[in-house]
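**Student:** For reference, the sequence and a predicted model appear below.
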Amino acid sequence: MSAIDKRYDFVFLFDVANGNPNGDPDAGNLPRIDPETSRGLVTDVCLKRKIRNYVGLKHDCTPPFEIYVKEKAVLNHQNKRAYLALDLKPEPRKLPKDAQKARELTSWMCKNFFDVRTFGAVMTTDVNCGQVRGPVQLAFAHSIDPIAPLDISITRMAVTKEEDIDKERTMGRKAIVPYGLYRCHGFVSAPLAERTGFGSDDLALLWEALQNMFEHDHSAARGEMASRGLYVFEHENKMGNAPAHTLFSLVDIARANGDGAPPRSFEDYAVTVDEANMPQGVTLHSMI
C-alpha cells in the first residue's frame, strides 16, 4: 500500500429524518443537543463507529482491515496476538524494554487493524502494545439549524407472561428528530500517516465509508440517515497549503427559501462552495 504524501481536510454533510442520530445516555437517550443554541450534536466517536462497521462488513474483519474496537472485543486478547506473532512474552502493563521490539508490537497492530492506523488507539492495557496517534480525526458534527427533539410514546401489543394478557399494554418511549442536516469537519495528516502506515488504499476506503456507511446502518431508532455531501480539500504537500478553517469557510450552507418554515428535507438547503477564493495549492474534490 503506497503512503499518502498530501494533507487533506474535508467537510462531511449528513441528515436524519424521523430518527435519533446519536442518543445521549445522560439524558434518557434523547438526541444530543447544544443547550445554548438548540443545535443538534453527533459525537466524533459515533461517526467513527459507523466507519468501523462499514469497513468490518466490507472486508469481513480480515487483515489488514481488521477492526480493533468492535462489539464485545476483548482488547487484551487482541493485544496478545501481537506478542504471539512476534514470539514475545507480555509483562503486566509493560512494553518490552527493548525499544525495537516495542515498536514492532505497535507496528504489528497498525498493520493488522484498520482503525488503529486510521484513528489511533491507546493500547496500554494489561497486555501493553503502546499508543498510536491516528492521522484521521473528526470533530463533533452539529446541525445547521436548531432541532426540536420529539419524545414519542409507543406500545407493545405482545406480553411476556400469560397472566399479563388482559393487562394494559407495555408503554415505551422513542426519541426522534423530525429533520436535521448535520455538518462535520475532518482532517487527514500525512506525517502521522507515515508513522502508522495509513496508505492510499486506506484513504480511498475512508472516502467510500463516509459515502456509504449509513446504507448499512439502518434501524428503526435511527430513522432515515443519508450522506449528503463530502467536500475534500487536497493540499499539494504533506504539511498543507492553507489553514483548515480557511477552507471550511468556503463551504456555505443556507436555507433555500425564506418562508420561515422548519426544514424537513435536504432540498430545503442550498450548499455552495466559493471556489473562486480557493487558496493556491489546494484542490477541491466534491465526492457527493
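**Tutor:** Cool, the structure landed.
**Student:** So what's the gap between stretch 217-231 and the chain middle?
**Tutor:** 12 Å (C-alpha atoms, centre = their mean, to the nearest Å).
**Student:** Ends of that stretch, what's the gap?
**Tutor:** 22 Å (C-alpha to C-alpha, to the nearest Å).
**Student:** Just the buried positions in that stretch, please.
**Tutor:** 222-223, 225, 227-231 (16 or more other C-beta atoms under 10 Å). Quick note: C-beta positions are derived from backbone N, CA and C, even for glycine.
**Student:** avg pLDDT for it?
**Tutor:** The predicted model assigns stretch 217-231 a mean pLDDT of 95.
**Student:** Mind listing residues that contact it?
**Tutor:** Outside of stretch 217-231, the residues within contact range by C-beta atoms under 8 Å, 6 or more residues apart in numbering are 10-21, 23, 50, 53-54, 174, 176-177, 181, 207, 210-214, 251, 266, 271, 273, 284-288.
**Student:** Mind checking which of those are buried?
**Tutor:** Looking at these with 16+ other C-beta under 10 Å, the buried ones turn out to be 10-17, 19-21, 23, 50, 53-54, 174, 176-177, 181, 207, 210, 213-214, 251, 266, 271, 273.
**Student:** Tell me which of these fall in strands.
**Tutor:** Here DSSP state E is the test, and those give 10-17, 19, 23, 174, 176-177, 181, 251, 271, 273 as lying in strands.
**Student:** Return the distance of the helix or strand bottoming out on mean pLDDT in the chain from the chain's centre.
**Tutor:** Comparing helices and strands within the chain by mean pLDDT, DSSP states H and E singles out strand 150-156 as the least confident, with a mean of 86. In terms of C-alpha atoms, centre = their mean, the gap separating the centre of strand 150-156 from the centre of its chain is 28 Å.
**Student:** give me the low-pLDDT residue ranges for the stretch 101-250 of the chain?
**Tutor:** Applying pLDDT under 70 to the stretch 101-250 of the chain flags residues 170.
**Student:** quick one, strands of it?
**Tutor:** 120-124, 128-133, 136-138, 141-146, 150-156, 170-188, 224-235 (DSSP state E, counting those that start in this stretch).
**Student:** For Ala102, grab the count of nearby residues.
**Tutor:** 17 (other C-beta atoms under 10 Å).
**Student:** wait, doesn't it sit right on Pro96?
**Tutor:** Yes - counting by C-beta atoms under 8 Å, Ala102 does reach Pro96; the two are 5.1 Å apart.
**Student:** partners of the least confident helix or strand of the chain, with directions?
**Tutor:** strand 170-188 (antiparallel) (DSSP bridges).
**Student:** what angle do the strand it pairs with and strand 224-235 make?
**Tutor:** Using axes from the mean of the first three to the mean of the last three C-alpha atoms, to 10 degrees, the direction of strand 170-188 lies 10 degrees away from that of strand 224-235.
**Student:** With only the CA atoms kept, save strand 170-188 in CSV.
**Tutor:** Coordinates of each C-alpha in strand 170-188 appear next as CSV, following Å, rounded to 0.1, in the frame of the first residue of the first chain:
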residue,chain,number,x,y,z
THR,A,170,-46.4,-2.1,27.8
MET,A,171,-45.6,1.5,27.3
GLY,A,172,-42.3,2.8,25.9
ARG,A,173,-40.7,5.9,24.6
LYS,A,174,-39.0,6.7,21.3
ALA,A,175,-37.0,9.9,20.7
ILE,A,176,-36.6,11.3,17.2
VAL,A,177,-35.5,14.4,15.3
PRO,A,178,-38.1,15.3,12.7
TYR,A,179,-35.3,16.5,10.4
GLY,A,180,-31.8,17.7,10.8
LEU,A,181,-28.9,18.4,8.4
TYR,A,182,-25.5,17.9,10.2
ARG,A,183,-22.1,19.2,9.3
CYS,A,184,-18.8,17.6,10.3
HIS,A,185,-15.2,18.6,9.8
GLY,A,186,-12.4,16.1,9.3
PHE,A,187,-8.6,16.1,8.9
VAL,A,188,-6.1,13.7,7.4
